[in-house]
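**Student:** with the sequence up front, the predicted model follows.
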Amino acid sequence: MISPVIHEGIKAQLTDAPKTLRQVSNHGLVFVGIIGGAALVVCAFWLSVIRTCKLKTNIASSESAPLLNPDQPQAHSQRDHTVTSTLLCPVCANLDFHKIFLDGIPPKEEIPLGSLSSILEKSYQCSFCRLISFHVRRTWKLDEVSRVDLSGLGLGVYSKNCGCIREPFYQPEFRCYRLHVIKTKDTGGLWKKHLALGEGSPLIIHLLQEDAFKFGRPADLHGRRVKNTVDIGLVRKWISLCQANHGDKCGNVWKMYRKLPEFVRVVDVVSMAVVPVPSGCRYLTLSYVWGGIGAEYWTTKGNLAERSTPGGLNALNLPGTITDSILFVRQLGERYLWIDALCIIQDDLLDKSVQLRAMDLVYGLSHLTIVAAGAMTARDPLPGCRPRTRTLQQHIEVVQGLHLYVAPPRLGEALAQSTWNTRCWTYQESALSHRRIYFTGPQVYFECRCDIFCEDIVAESKGLPLSHSFLQSSFGELFIYLDLVASYTVAVEKFTPHNLTVESDIVDAFTGVTNALAMTFELGDPDKTFQYGMMLPYMHLALIWQHDPQTPRARRLLPDGGSSPWPSWAWAAWRGGVIYRGVDVYLRTRMGNLSSAPSVDETLVDPWYIVDDSGDTVQLAVHQVSWVVLRVNEEEHAYSAPRGTLDPTELTLDIHRPLEPGTLVFRTTCSHFRISRRSGEEPSAYAHGLFDILSILSFPPIWVGTAVLPLEPALPSSLDFIVLSRTSSRSVYDEGNFMGYDGCLLHVMAVSQDEGLMERVGLGVIHEAAWVVSRPEKKVVFLR
């Protein structure tokens, strides 16, 4: 029980509480009013400061920036990858980026940016250093050099003109610059010691199109924000520009009317069925990497009937690259798409053989080829075709009020980094297509025979005669050239370094190219013109190929482990890259960086014969080259080639088995010479090297020529050589003993012999005077 005194006390407190609260409330209001007033004064002060700064910025900008250019679009609403911090380190703060993008910096006047280590350290506080660091950390393999002191590596910046795509081309206001960040300092040679430093695409910085008006320029060749998905309207515009402005330049490779054979099938993406190609229809093609999968989605003899009916092609059973390609074709408003796995019956050898022989037509007549360059297998999606199929890599920084970003790899660089570019089959698919759309991780590229467009650069134009864009320096594949030999040799060089899952596919994967060459240059039946990938009408040139010096000499094998079906004289018989070079290949102390084209001054073999698939020896129609060779006081040492049709008895070899198909038979001369490797001439990674050819009739031996031969397995001290053709060069023999003149060299092939059959070992050149005095033997050669 509460006592009366206490009860009265509590009652009194409860009675006085409202009065007390009113007193506290009055005092609180006065205090809050004082605080609020002070806060208003502070806010007014800072607003005044900010207003003053903005006015200064606007005044500075108004001195150099005109009104918004009518060509300039409004700033894009997508800001996810834009960093708005404007802080700069002392080094970058001293740079006037407005002036740099206005007037440029000549390459010889690059501005130093400091050491790589300092730039990486300042990236947290400096927006321009952060832009550089973002690229370096993403593309350079810094984890491989984590213990290396990077303070001795310096960077600098200069600018390059992006080009001009509108008239008049000489107007300075149409110029657009991009920044190149380069290596300017290398204490201790670290760039060379550590290849990881600087690997990847060049460090190039672009200004976004939304800032072009600040320089009184159109948006041409400025950067463009890349979206999460591909802008289909932009792709349609690229195709329309090509069709409207390029004419026959972007026609098929034959420059004439051709049509698809009736046996070709296409996918109808509307009815979702595999159907015979409708006459005259417009269709697209797909070029992609299978990646070891396929059986579950292939068209086979068992499911062809079902897939030929509307709705019979179930998209749920198809991998990502194919389903996205079908979606993309629909988005473009097209109907037909050719895909090898769906349009060729994969378990029917006859159908595969017939269809593969039409690859030049399939890709050459395609309206557009979709290239899945960003995929490693058919399971991967086409990046950007659907939402969440690509991660945006366009990192944007605001530097002195300008929106800058580091450019992604340009087309040639992007393809060089792709798995797609390593496959043999994809070479002809790209080379034969006159219009290509490449899906890569960072963005999509469009390429035709005249122009290149991409998502991150505003480069769309009508292709005026004098227009030029920096993007055009990075074309993918260009084919065909005006010259037959150049078209063939370049194609072989680009094709052979690529890989095959099934080695025996090497010739089939090149058939589209050889068919196109035969038709374009009117060589006749491709099956008779090209065998084992070799161009038979120009055998004298086709034979002088060399192994890529870094490629080990190894024969291709059949899947069952049997012997190679191709003869040693054909490049298709060997794994790895092949190069066609002129005599300059014998001049270098180190093989490499050679660009001279192969040449033959005079053919010295006529006629040529080959054993065909039926075992018959037939004569080849080989183009002959005759040239009047001027010799000074060398008539007594002139080489005279044995000629004349071979007697039927000379076309057989006295062995207990028939000659294998592909055996070349011809009359020439054969002689024996010593060889001596030029020790230390090639890097350790090389599998082929330069050898001196030495006379065996003199002591000490005289240097009479040079050959490129394999380093493994070890060669004997001397080899047999046979004459192929005549050429010219100097510095490949002892000029103190032999006089140089046009046509003084003989193309020779180093060979090994077994039971009368010869095989190719390597290729070289020998001075004709040395050959004549070596007492060569006339011989009918059976080259296998």
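**Tutor:** Okay, I see it. Residues are numbered from 1 along each chain as shown.
**Student:** show me what the strand or helix carrying residue 182 is packed up against.
**Tutor:** Under the criterion of DSSP states H and E, residue 182 resides in strand 177-186. Applying 3 or more CB pairs under 8 Å, 6 or more residues apart in numbering; DSSP states H and E, one finds that strand 177-186 contacts helix 97-103, strand 111-115, strand 153-161, strand 203-207. Where C-beta positions appear, they are placed from N, C-alpha and C, glycine not excepted.
**Student:** sheet partners, orientation included, of the third one?
**Tutor:** The sheet places strand 153-161 alongside strand 111-115 (antiparallel), strand 177-186 (antiparallel), with pairing taken from DSSP bridges.
**Student:** lowest mean pLDDT across those strands, which one is that?
**Tutor:** Least confident of the strands paired with strand 153-161, judged by mean pLDDT, is strand 177-186 with a mean of 88.
**Student:** touching it from outside, list them.
**Tutor:** If you take CB atoms under 8 Å, 6 or more residues apart in numbering as the criterion, strand 177-186 is touched by 100-101, 104, 107, 110, 112-113, 115, 132, 152-162, 191-192, 198, 202-207, 404, 407, 470.
**Student:** work out the gap between that strand and the centre of the chain.
**Tutor:** Here strand 177-186 is found 23 Å from its chain centre; the criterion is CA atoms, centre = their mean, to the nearest Å.
**Student:** check which residues of it are buried.
**Tutor:** Residues 177-182, 184-185 are the ones in strand 177-186 that count as buried (16 or more other CB atoms under 10 Å).
**Student:** surely residue 306 is in contact with residue 314?
**Tutor:** No: under the criterion of CB atoms under 8 Å, residue 306 makes no contact with residue 314, lying 9.1 Å away.
**Student:** quick one: the helices in the stretch 301-450 of the chain?
**Tutor:** 304-307, 320-331, 340-343, 349-356, 359-364, 411-416, 424-431 (DSSP state H, counting those that start in this stretch).
**Student:** now those in CSV, with mean neighbour count and distance to residue 507?
**Tutor:** Putting the helices of the stretch 301-450 of the chain into CSV (neighbours: other CB atoms under 10 Å; distance: least, CB to CB, whole Å) gives the following:
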stretch, mean neighbour count, distance to residue 507
helix 304-307, 15, 27
helix 320-331, 21, 26
helix 340-343, 21, 17
helix 349-356, 14, 10
helix 359-364, 24, 12
helix 411-416, 19, 24
helix 424-431, 24, 10
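**Student:** pick out the shakiest of these, pLDDT-wise.
**Tutor:** Least confidently modelled of the helices of the stretch 301-450 of the chain is helix 411-416, at a mean of 89 by mean pLDDT.
**Student:** torsion angles phi and psi at residue 248?
**Tutor:** phi -70, psi -20 (degrees, to the nearest 10).
**Student:** quick check, pLDDT for it.
**Tutor:** pLDDT, read off for residue 248, is 82.
**Student:** give me the number of residues near it?
**Tutor:** Residues lying near residue 248 (other CB atoms under 10 Å) number 8.
**Student:** how much space between it and residue 242?
**Tutor:** For residue 248, the distance to residue 242 equals 12 Å [CB to CB, to the nearest Å].
**Student:** and of the helices of the stretch 301-450 of the chain, who's closest to residue 776?
**Tutor:** Among those, helix 424-431 comes nearest to residue 776, with 39.4 Å by CB to CB.
**Student:** other SSEs contacting that closest one?
**Tutor:** Using 3+ CB pairs under 8 Å, 6+ apart: helix 424-431 touches strand 283-287, helix 359-364, strand 368-371, helix 484-495, helix 511-520.
**Student:** of the ones you listed, which is nearest residue 212?
**Tutor:** Here strand 368-371 is closest among these (CB to CB), at 30.1 Å.
**Student:** distance of residue 273 from residue 317?
**Tutor:** On the measure of CB to CB, residue 273 and residue 317 end up 14 Å apart.
**Student:** show me what contacts the residue nearest to residue 432 when sequence neighbours are not counted?
**Tutor:** Using CB to CB, 6 or more residues apart in numbering and skipping residues adjacent in sequence, the residue nearest residue 432 is residue 363, 4.1 Å away. Contact analysis of residue 363 by CB under 8 Å, 6+ apart lists 285, 287, 369, 428-429, 432-433, 512.
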